[in-house]
Each structure stands twice: as C-alpha cells, then as structure tokens.
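Undergrad: A predicted structure for the sequence below; I have some questions about it.
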Amino acid sequence: MEFKAFIEITRPHNCALAGVVGILGSIVAVGHLPDALTTALVFLVVTLGCAGGNTINDYFDYEIDKINRPDRPLPRGAMDRRTALHYSLLLFAVGLVLAYMINVYAFLLALVAYAAMFLYAWKLKPLPFVGNLVVAALTGATPLYGAVSVEHLGLAGYLAVCAFLVNVAREVIKDIEDVEGDLAKGARTLPIVWGKRNAAYLGAAFAVLTVVASFLPITAGVGLGYYAMVPVDLVILYAAYLILRSQDREAAHSSQKLLKVSIFLAVMAFLIAALV
Ligand SMILES: CC(C)=CCC/C(C)=C/CC/C(C)=C/CC/C(C)=C/COC[C@H](O)COP(=O)(O)O
Ligand SMILES: CC(C)=CCC/C(C)=C/CC/C(C)=C/CC/C(C)=C/COP(=O)(O)OP(=O)(O)O
Ligand SMILES: [Mg+2]
C-alpha cells in the first residue's frame, strides 16, 4: 500500500479546483468573500465530496480502469479496493459533519450531491448520456453550494449554468476517448450507442452553448475584468473544432483536456471579475 495513493486517488487537482469554485459561488452570490469560517467550510465540504466521489468512482471502475487507466492506484495495486471503499465513505462522512456546521440547506445539498456521486459510480455511469448529465449537474451544483452556504444566489446561477454546459461537453468527449475500454466492459455510453460522430456533434454543441452562456453575466453588469473570458471562449471553440475534425482517441483526449484548461481559466476570469 502506497501512502501517496490516498492523495492520488482523490484527484486533488479536481478537488482543489472544485473547492475554489465553491468559494467563488459564495463570492459572486454576495459580492464579497464570506467570513473565514464559512469560506473554509465551503471549501472543505466541496473538496471532501469531490475526493470521496473520485475515490468511489475508481472503486466501481476497477475493471474498466484496468484497460483505460492502468496507471491509476487501484489497477496498479497501490491501494486495495476494500480500503478505497472505506476511505471514500470516511471522506463523505467528514464532509457531511462539516456541512451541518454551515446551515441545514448546505447539509441537505451536500447529502444529495454525495449520494448522487455514489449512485453515479455504482449504477448511473453506464447509462447513455444520463451519467454525463449527473456529473455535469454535480459540477453545476458546486457554485450553487457556495451560494446556499451564504443563503443568497446572486450571479452564482450563471456560474452553475456554465459549469453544467461545459462539463456535459467534456463528459461526452471523454466517453469518445474511452470507447475502447468501455466497449470491453459492456458500458453503453453515448458514443457506443449513438456513434462517435453523433456524440462529437453533441459535445461540440454543448461547448458552443457554454460560450453563449458565458456572456450571461455581462447582461447582469459584471465589470470589465470579465473580458478575460474572451480567450477562454476561444479555447472552448477550438476544443469543439478538434472533436468535430476527428473522433479518434488522440483528438478526443486533446479536446477534453483543452476543455479542462478552459474551466480553470474561466474560474480565474470569474474570480477577477468578481474581485476587481
Ligand atoms: C465559461 C466557463 C467554462 C465557465 C466555467 C464554469 C465553472 C465554474 C466550472 C467549474 C466546474 C467544476 C466544479 C470543476 C471541478 C473539477 C472537475 C473538472 C470536476 C468534474 O470531474 C469529472 C471528470 O470526469 C473527472 O475527469 P478528470 O478531470 O479527467 O479526472
Ligand atoms: C456540491 C458538492 C457538495 C460537491 C460537488 C463535488 C464535485 C465538484 C463534483 C464534480 C463531479 C465529480 C468530481 C464527480 C466524481 C465522480 C467522477 C470522477 C466522475 C467522472 O468519472 P468517470 O466518468 O469514471 O471518468 P474517469 O475516466 O475520469 O474516471
Ligand atoms: Mg472512472
């Protein structure tokens, strides 16, 4: 058992980004950073949830990851599956205790989100497009979590719409990348059921919808700092072009990685716009 596997299996880069998005949701909801305790609790509840979700995901994806991602901790033997199951449940439990310290709505939303992540990994992922929508809804719920924690919505709804749309695009394109392993396990993902080209059209359409939605905050009078979103939109459009041009594994990998970069850059743009 490798100690670093306990960090690696949580995909800390996703968790940290998600935690920042939770805080960003609070900021754009009330127009300023909430008090230190609320900020810390929002960050921890989201990161612990994301960590538990990624861990339980690898627990149930063990057979598929032996083909698609043999370098991950479980297929390479750095952690056993039973430990991963108990570890994920511990992460969720700690997250729920902290969520209860925020307010009852934050506790309930965390309970629903954590249950959705477990259900996705256990049963929903193989369902064509349904699994993609669940993951995207969870990413959209992240800024809303920050808003619920400060009991105000503000511009967090716009952030949630953008998060949902860009992650639908990315999840569909990730499924195009993973067709080989998914086929071997009999997973009925969208590209397998509907064809890689049709799935590429759908993924690109959601990428374009993300660009359209990214201008919504401007209608609400967000400041000049928001124009940092323009290069983000260009990255998203290029990712859409890549997957339309070719649906092979390499093109899908480049396209979904570019969308991940756009998510990171967009979060920075929203932070600049919210704090400038
Ligand atoms: C206009 C625009 C792009 C706005 C950005 C909206 C926004 C705030 C997005 C943030 C979404 C979010 C909470 C991201 C957290 C990290 C993340 C990508 C979670 C989804 O992970 C599922 C994915 O399948 C994991 O795969 P991988 O990244 O390859 O490990
Ligand atoms: C709202 C609260 C309290 C928490 C939200 C926590 C977040 C940010 C969830 C975002 C979605 C997420 C990280 C879900 C976890 C499950 C997961 C990793 C889904 C994607 O897994 P696969 O579809 O198997 O793709 P991989 O090939 O990357 O494993
Ligand atoms: Mg997985």
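TA: Here it is on my side, so go on. For clarity, every value in this text was computed on a predicted model and none was experimentally measured. Residues are numbered from 1 along each chain as shown. Ligands and ions are numbered 1, 2, ... in the order given.
Undergrad: mind checking the backbone torsions on the closest residue to ligand 3 within the chain?
TA: Ranking the residues of the chain by distance to ligand 3 (C-beta to the ion) places residue 61 first, at 3.7 Å. C-beta: built from backbone N, CA, C; applies to glycine. Reported as degrees, to the nearest 10, the phi and psi values for residue 61 are phi -90, psi 10.
Undergrad: Hmm, it is touching residue 122, no?
TA: No: in this structure, residue 61 is not within contact of residue 122 by C-beta atoms under 8 Å, at 10.6 Å.
Undergrad: give me every residue that touches the closest residue to residue 264 other than its chain neighbours.
TA: Computed as C-beta to C-beta, 6 or more residues apart in numbering, the closest residue to residue 264 that is not its neighbour in sequence is residue 17, at 6.3 Å. Each residue near residue 17 by C-beta atoms under 8 Å, 6 or more residues apart in numbering is listed here: 263-264, 267.
Undergrad: Can you select the buried ones among those for me in PyMOL?
TA: Isolation of the buried members of the contacts of residue 17 (16 or more other C-beta atoms under 10 Å) is achieved in PyMOL through the command below:
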select buried, resi 263+267
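Undergrad: can you list the contacts of residue 17 in a markdown table and add pLDDT, distance to residue 207 and secondary structure?
TA: Output for those, formatted as a markdown table (pLDDT from 0 to 100; distance: C-beta to C-beta, whole Å; DSSP: H, G, I helix; E, B strand; the rest coil):
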| residue | pLDDT | distance to residue 207 | secondary structure |
| --- | --- | --- | --- |
| 263 | 95 | 12 | helix |
| 264 | 92 | 16 | helix |
| 267 | 89 | 17 | helix |
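Undergrad: pLDDT wise, what is the residue nearest to residue 264 at?
TA: The predicted local confidence for residue 17 comes out at a pLDDT of 95.
Undergrad: I appreciate the help and will end here.
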